[in-house]
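K.L.:
below are the sequence and a predicted model for it; my questions follow.
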Amino acid sequence: MADWSHGYVAGSTYGIAWQSAQTPAHMAMVCAAAGVEWRPRSSMTVADIGCGRGYAVNTLAAANPDWTVIGLDHSPVHIAEGTQTAARAGLSNALFLETDLAALDEAALDRIPLLDVAMVHGVWSWVSDEVREGIVRILARRLKPGGVAYLGYNALPAAGADLGLQRLLRHLAGPVGTRPGEAEAAAALAVERLRGMAEHLPLRQTPMLKRLLADPPVLEAAFVAHEFLTSHWRPVFFEDLCAALGPAKLDFVGSTNLFEAVPSLVCDGAQLEVMAKLPEGAPREFLKDLSLPRTFRADVFIRGGHRADPRTLESLLLAAAAPLPEESPVLETGTGRAAMPQPAWEAIAAALATGPQPLGALCALPERALHPLEALALLTGTGMVLPVYRPPERAPAASRFNIAAAAIHAPNGEGTGHFALASPVAAGGLPATALDLALVAALLQGADPEDPLALAQRLQPDLSPEGQQRAAEIIADRWEERIPFWRSFGVL
Ligand SMILES: C[S@@+](CC[C@H](N)C(=O)[O-])C[C@H]1O[C@@H](n2cnc3c(N)ncnc32)[C@H](O)[C@@H]1O
């Protein structure tokens with residue numbers, strides 16, 4: 001390991017995996033669901049602490065030209081990529097600061113602007129105690145009173161099953177170099193060795209082990225390197241995270257999985273009886289962590305909150321973000337499956353097909369059959385809707401970013417990662433594949449939606465004419481399905 005990395009794998013670029021929950025707009029839904037007053041301001045400062053390659057920073061900056069969005073990371077590779085993408089898209093409100101979170105003296109802390117929102121996704125359970133302390137110091141000193149924080153982390157007890165696997169992979173990888181590509185090579189070697197011996201070892205058959213052994217491989221070497229080759233990876237109990245955040249005076253608001261705010265969607269009847277016997281707060285959250293098989297939690301906290309007007313939840317404006325199926329979508333909670341009564345779903349889908357709707361109006365269809373929180377949990381948890389913050393107008397910065405993202409990540413319509421298209425309407429990102437990036441960029445640059453073959457020929461010049469024809473059909477289908485949503489979210 002490099003001296004500067006505090007045991008974190010250095011010299012390796014992390015993957016891109018856009019999280020819809022890692023947006024102030026989603027945090028506002030979590031607050032509304034918990035009855036806590038908070039919503040994004042038209043002008044505010046947001047930080048992504050441990051920002052990786054800066055995709056979230058640049059997406060948020062592009063979608064919200066009046067916000068300042070700051071990415072902090074110690075990796076020069078990550079900071080360089082984030083900065084270059086921001087420059088290419090002309091995002092003067094996206095700032096990247098090369099920062100070692102473990103080495104922030106008072107002056108360095110004070111150079112970070114006061115924050116309305118601080119996000120820390122996939123960092124806490126990866127880093128040493130001194131880095132964690134640095135995160136808490138930023139939150140304590142720079143998060144404004146009334147500001148919100150998002151922390152996404154590997155959670156106990158479920159993630160504990162992978163602790164032995166992580167240690168084994170580190171032994172199998174041997175010493176990890178810090179030059180470009182060395183961590184990925186070490187990760188690939190460790191996985192290859194694991195494949196050769198897994199059947200002889202008494203390993204827990206966790207979902208992560210299955211993903212590591214999948215053939216053909218499903219995990220990128222960079223992901224494996226960051227996930228398994230860091231020295232300090234250890235999942236935490238929710239309540240221990242809360243205790244560690246104490247100096248920042250943060251109050252827990254809720255999980256970004258909105259269904260977790262509805263205990264009956266997490267626990268069965270007998271478990272609910274047990275829950276009722278436990279004190280409110282951390283003990284009940286622990287019971288949820290015991291019940292749910294998820295290894296990752298993402299939580300929203302607030303630095304001094306107020307009770308919200310009870311009508312806030314019902315006034316949330318929602319829009320369809322994907323084609324709505326005829327049958328009610330089903331939310332897999334990990335402990336069960338939840339769906340809406342079919343007549344309610346049909347009424348809601350019909351209303352959403354006409355444009356954005358307040359949650360309260362959707363729940364009144366038909367005959368007030370739905371509880372707003374359950375409806376919101378189901379609609380957002382299945383990716384069917386996103387919150388709407390602005391009228392459907394395009395923002396030049398969002399278009400510039402979407403074009404730049406396509407050129408960088410999907411030059412031929414292909415690329416690895418979970419991307420987003422910057423959407424001024426959503427004040428965040430619309431989940432997108434690499435092909436989506438290329439299709440939107442082409443339209444923004446004047447491609448004719450009636451001529452998908454021309455785009456197929458440009459993206460894939462080496463394909464045979466038959467191959468290009470097949471590619472054109474895929475493009476035509478995707479355009480037909482997605483263009484209405486890209487328009488309604490201000491992407492086109
Ligand atoms: C697992 S990655 C997550 C990246 C990003 N948040 C995401 O979700 O895509 C952890 C990030 O923490 C950064 N990191 C680790 N130790 C750090 C430190 N001491 N100071 C600043 N950043 C650090 C890494 O460079 C890496 O980008």
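P.N.:
Looks like it came in fine. Residues are numbered from 1 along each chain as shown.

K.L.:
kindly provide the distance from Leu95 to the ligand.
P.N.:
Separation of Leu95 from the ligand (C-beta to the nearest ligand atom, to the nearest Å): 15 Å. For every residue, glycine as well, the C-beta is placed using N, CA and C.

K.L.:
could you do Arg179 as well?
P.N.:
Applying C-beta to the nearest ligand atom, the value for Arg179 to the ligand is 16 Å.

K.L.:
let me know the secondary structure of the closest residue in space to that residue that isn't next to it in sequence.
P.N.:
With C-beta to C-beta, 6 or more residues apart in numbering as the criterion, Arg179 has its nearest non-adjacent residue at 5.9 Å, and that residue is Gly11. Recorded secondary structure, Gly11: coil (DSSP: H, G, I helix; E, B strand; the rest coil).

K.L.:
cool, and the one 3 residues further on?
P.N.:
Here Tyr14 is coil, with the state taken from three-state DSSP.

K.L.:
I'd assumed Val224 was in contact with it.
P.N.:
No. The pair Tyr14 / Val224 is not scored as a contact, 11.2 Å apart, by C-beta atoms under 8 Å.

K.L.:
counting by contacts, list what the helix or strand encompassing Glu466 packs against.
P.N.:
Here Glu466, judged by DSSP states H and E, is contained in helix 465-488. On a contact count with 3 or more C-beta pairs under 8 Å, 6 or more residues apart in numbering; DSSP states H and E, helix 465-488 meets strand 317-320, helix 434-444, helix 452-459.

K.L.:
measure how that helix sits relative to helix 434-444, angle-wise.
P.N.:
70 degrees (axes from the mean of the first three to the mean of the last three C-alpha atoms, to 10 degrees).

K.L.:
for helix 465-488, what is the average pLDDT?
P.N.:
The pLDDT scores in helix 465-488 average 97.

K.L.:
now stretch 141-153
P.N.:
Averaging pLDDT along stretch 141-153 yields 98.

K.L.:
part of a helix, is Phe301?
P.N.:
No. The assignment for Phe301 is strand, going by three-state DSSP, so no helix is present there.

K.L.:
just give the nearest non-adjacent residue to it, would you?
P.N.:
Leu250 (3.8 Å).

K.L.:
which parts of the stretch 51-200 of the chain are strands?
P.N.:
Listed in chain order, the strands of the stretch 51-200 of the chain (DSSP state E, counting those that start in this stretch) span 68-73, 94-98, 115-121, 143-154.

K.L.:
next up, the contacts around the closest residue in space to Ala441 that isn't next to it in sequence.
P.N.:
Using C-beta to C-beta, 6+ apart and skipping residues adjacent in sequence, the residue nearest Ala441 is Ala406, 3.4 Å away. The neighbourhood of Ala406, defined by C-beta atoms under 8 Å, 6 or more residues apart in numbering, consists of Leu437, Ala438, Val440, Ala441, Ala442.

K.L.:
just the buried subset of those, please.
P.N.:
With neighbours counted by 16 or more other C-beta atoms under 10 Å, these contain buried members at Leu437, Ala438, Val440, Ala441, Ala442.

K.L.:
and the residues you listed as TSV, adding distance to the ligand?
P.N.:
Listed next are the buried ones among the contacts of Ala406 as TSV, based on distance: C-beta to the nearest ligand atom, whole Å:
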residue	distance to the ligand
Leu437	17
Ala438	22
Val440	22
Ala441	22
Ala442	27
